[in-house]
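Peer 1: please work out how this folds:
(chains A and B)
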Amino acid sequence: MWKKLLYFDRRIIFALIALVVIIPFLTEWRASHGQITPSTQNLYNEIESLKPGTPVMLVFDYGPSGMPELHPMATALARHILSRDLRLLGLAIVITGPSLCHDAVTPVAEELDKIEGVDWVNLGWVPGFVLPITQMGEDIKRTYPTDFQGRATAELPVMAGIRDYQDIGLIIDLAAGNAPGAWIAYAHDPYKVKLAAGITAVMATDYYVYLQTGQLCGLLNGLKGAAEYEHLIGKKGFGYLGMSSQSVAHLVIILFVIIGNIGYFTVRRRRRGSE
Amino acid sequence: MPGPTGPITGILGLSTEIIGIWVAALLTLAIYSFLYGDNPVYKVAEHIFVGISAAYGAALTYHLVIIRRLFDPLFRPDLAQPPLDAPKISLIIPGLLGLLIFSRFIPRYDWLSRWPIAFIMGLYAGLSIPRVIQTNILKQMQATIAPVLPVDAGGQYLLFSGFENLLLIVGVVCTLAYFYFSLPHRGVMGGLSRVGIWFLMIGFGAGFGNTVMARISLLIGRIQFLLYEWLPTIGIHLGAGPGAG
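Peer 2: Down below sits the predicted model:
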């Protein structure tokens, strides 16, 4: 029986995972987000501590493949930033970022009666990856001379009084690649600007070390980070909704790992016994 | 020109939004059909994905870099964003360097392409080397030098923080010992490297756990799209959306 379990059709596992991901969406049951991670709480506290009118950079360094984890974070962060009357500067050093900035921020801004160009702006994308990060240390408006719609940034009310990183209260990099490392190396370390990151879970172990050193003041880890942040701001969205499926899928995977290990060791012991 | 979506126009009585949702839904199902087995439908979806990704990047680069940052300021300063009084002549240098990349297509002059590549490599090496050493080596070393018996402002010992710091120091030393190959891994060195292996395994386990969460999140994202955006186009509305529960 154990041998059969070890070699059964893996498509059964795929079907089971699909089922356990779908079923929670069809029910009213919702899993708890669990305990709020300190790194999530720290980012929330950091935004809470900023005075109204302080500019906050929300950086969209991801593409459509990072959306399931990072878009709920982006929406929740945009809501928190705008509802606190902070100025939101959306930008990207990854080419797919500006459209996602528009997609995440516009509905929230409309709901909160915030005006693009006055309360928030989508600065778009500039090529060079680390070059715009470095150049913004000298002059942000020269690095992004126009916003995503082609309007001169120097003439936008939201950019009034902003020259370089010294005028920025906090940078939050939402990334599905190695962009947070570039922001740490070229923005935080030389200019001492406060930096936090929202990352896909697969990157998390690489970035916890920067919390230890204080180079990141907050970190949102994958869908769980998004769900926690939605809970903190009191507006549940797709992050919270997805965590029920996430929890059940994890239980099923743990179950299969246990069954697989018991099966492996049982078969190995029997094989040795028969030799 | 990229920017906010324009007014939605109808095609055969269907809005472009509905058509977009259906195309996305069918391509999602086509990609997941690979889980049953490799098939032509999956191949078609895979090729469409690669083609569209490349084309999207090329189109955005053309509009936002070549036209907006090079062509307009150089040849149409009045149309540049923001408008300029005179052509920005200095852009000829990066423009020419960029054009030299294409000399690779002419075998007789392909050596010219090394100039812009050398410029890019020199620039990035100069920018990166000091910063990466500072960020990833010196700062990390500094953070490892932590007190094993820290005290708070009132002079009380912070035992748990001390234990965390001790664990950090032991983990770093033992893991480094595992990667130190100039001495045989026997005796004390063997013991340290064995403990190092345990720390590495715990690290890999945490990495694997996070990878599982990330992959399941991708599936959740697609399921959410199918349930809350695609199904409503055929009249099926699920009640338990965001905010429910």
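Peer 1: what residues does the stretch 51-200 of chain A have near chain B?
Peer 2: A:65, A:67-69, A:95-96, A:98-99, A:102, A:106, A:124-125, A:127, A:130-131, A:134, A:145-146, A:148-152, A:154-155, A:181, A:184-186, A:189-190, A:200 (CB under 8 Å from any CB of the partner chain). For every residue, glycine as well, the C-beta is placed using N, CA and C.
Peer 1: at 7 Å instead, please
Peer 2: A:67-69, A:95, A:98-99, A:102, A:124-125, A:127, A:130, A:134, A:145-146, A:148-150, A:152, A:184-186, A:189, A:200 (CB under 7 Å from any CB of the partner chain).
Peer 1: and the residue of chain A nearest chain B?
Peer 2: Residue nearest to chain B within chain A: residue A:68 (2.5 Å; CB to the nearest CB).
Peer 1: pretty sure that residue is touching residue B:218, no?
Peer 2: Yes. Judged on CB atoms under 7 Å, residue A:68 makes contact with residue B:218 at a distance of 5.4 Å.
Peer 1: more neighbours: these two, which one.
Peer 2: residue A:68 (26 against 17; other CB atoms under 10 Å in any protein chain shown).
Peer 1: what about that one, helix or strand, and which?
Peer 2: helix A:67-83 (DSSP states H and E).
Peer 1: ok, residue A:90 next?
Peer 2: Counting by DSSP H and E, residue A:90 is found in strand A:87-92.
Peer 1: show me what that strand pairs with in its sheet, parallel or antiparallel.
Peer 2: strand A:55-61 (parallel), strand A:120-125 (parallel) (DSSP bridges).
Peer 1: as PDB, could you dump the C-alpha coordinates of the shortest one?
Peer 2: When you say that, I think you mean strand A:120-125. Extracted in PDB, the C-alpha atoms of strand A:120-125 (Å, rounded to 0.1, in the frame of the first residue of the first chain):
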ATOM      1  CA  TRP A 120      -0.700  61.600  -5.500                       C
ATOM      2  CA  VAL A 121       1.200  61.100  -8.800                       C
ATOM      3  CA  ASN A 122       2.300  58.200 -11.000                       C
ATOM      4  CA  LEU A 123       5.900  59.200 -12.000                       C
ATOM      5  CA  GLY A 124       6.200  56.300 -14.400                       C
ATOM      6  CA  TRP A 125       9.400  54.300 -15.200                       C
END
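Peer 1: what residues does it touch?
Peer 2: A:82, A:87-93, A:95, A:97-98, A:101-102, A:105, A:109, A:114, A:144, A:147-148, A:153, A:156, A:158-159, B:64 (CB atoms under 7 Å, 6 or more residues apart in numbering or on different chains).
Peer 1: repeat for stretch A:232-243
Peer 2: Here stretch A:232-243 makes contact (CB under 7 Å, 6+ apart) with A:31, A:33, A:36, A:44, A:72-73, A:75-76, A:79-80, A:223-224, A:226-227, A:230-231, B:217, B:220, B:224, B:242-243.
Peer 1: switch to 8 Å and redo it
Peer 2: Applying CB atoms under 8 Å, 6 or more residues apart in numbering or on different chains, the contact partners of stretch A:232-243 are A:25, A:30-31, A:33, A:36, A:40-41, A:44, A:68, A:71-73, A:75-76, A:79-80, A:83, A:223-227, A:229-231, B:217, B:220-221, B:224, B:241-245.
Peer 1: stretch A:37-57 now?
Peer 2: By CB under 8 Å, 6+ apart, stretch A:37-57 touches A:77, A:80-81, A:84-89, A:91, A:158, A:162, A:167-172, A:194, A:196, A:208, A:211, A:216-221, A:224-225, A:228-229, A:232-233.
Peer 1: need the buried ones from those residues selected in PyMOL.
Peer 2: For the buried members of the contacts of stretch A:37-57, the matching PyMOL selection, counting by 16 or more other CB atoms under 10 Å in any protein chain shown, is:
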select buried, chain A and resi 77+80+81+84+86+87+88+89+91+158+162+168+169+170+171+172+194+196+211+216+217+218+219+220+221+224+225+228+229+232+233
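Peer 1: please list the members of the contacts of stretch A:37-57 that lie in helices.
Peer 2: A:77, A:80-81, A:208, A:211, A:224-225, A:228-229, A:232-233 (DSSP state H).
Peer 1: need the max-distance pair from those.
Peer 2: Greatest spatial distance among the ones in helices among the contacts of stretch A:37-57 (CB to CB): A:81 and A:208, at 24.2 Å.
Peer 1: flag the shaky bits of chain A, pLDDT-wise.
Peer 2: Low-confidence segments of chain A (pLDDT under 70): A:33.
Peer 1: got the angle between the longest helix seen in it and helix A:67-83?
Peer 2: In chain A, taking DSSP H as the definition, the longest helix is helix A:238-274. Relative orientation of helix A:238-274 versus helix A:67-83 (axes from the mean of the first three to the mean of the last three CA atoms, to 10 degrees): 150 degrees.
Peer 1: quick one: work out the angle between helix A:238-274 and helix A:222-233.
Peer 2: Angle, helix A:238-274 to helix A:222-233, by the same axes, to 10 degrees: 140 degrees.
Peer 1: buried stuff in helix A:238-274?
Peer 2: A:238-249, A:252-253, A:263.
Peer 1: residue A:21 contacts residue A:250, doesn't it?
Peer 2: No. Using CB atoms under 8 Å, residue A:21 is not in contact with residue A:250, being 10.8 Å away.
Peer 1: common neighbours of the two, please.
Peer 2: Residues touching both residue A:21 and residue A:250 by CB under 8 Å, 6+ apart: residue B:216.
Peer 1: neighbours of the residue of chain B at minimum distance from chain A, how many?
Peer 2: Taking CB to the nearest CB, chain A has its nearest neighbour within chain B at residue B:221, 2.5 Å off. Using other CB under 10 Å, residue B:221 has 23 other residues around it.
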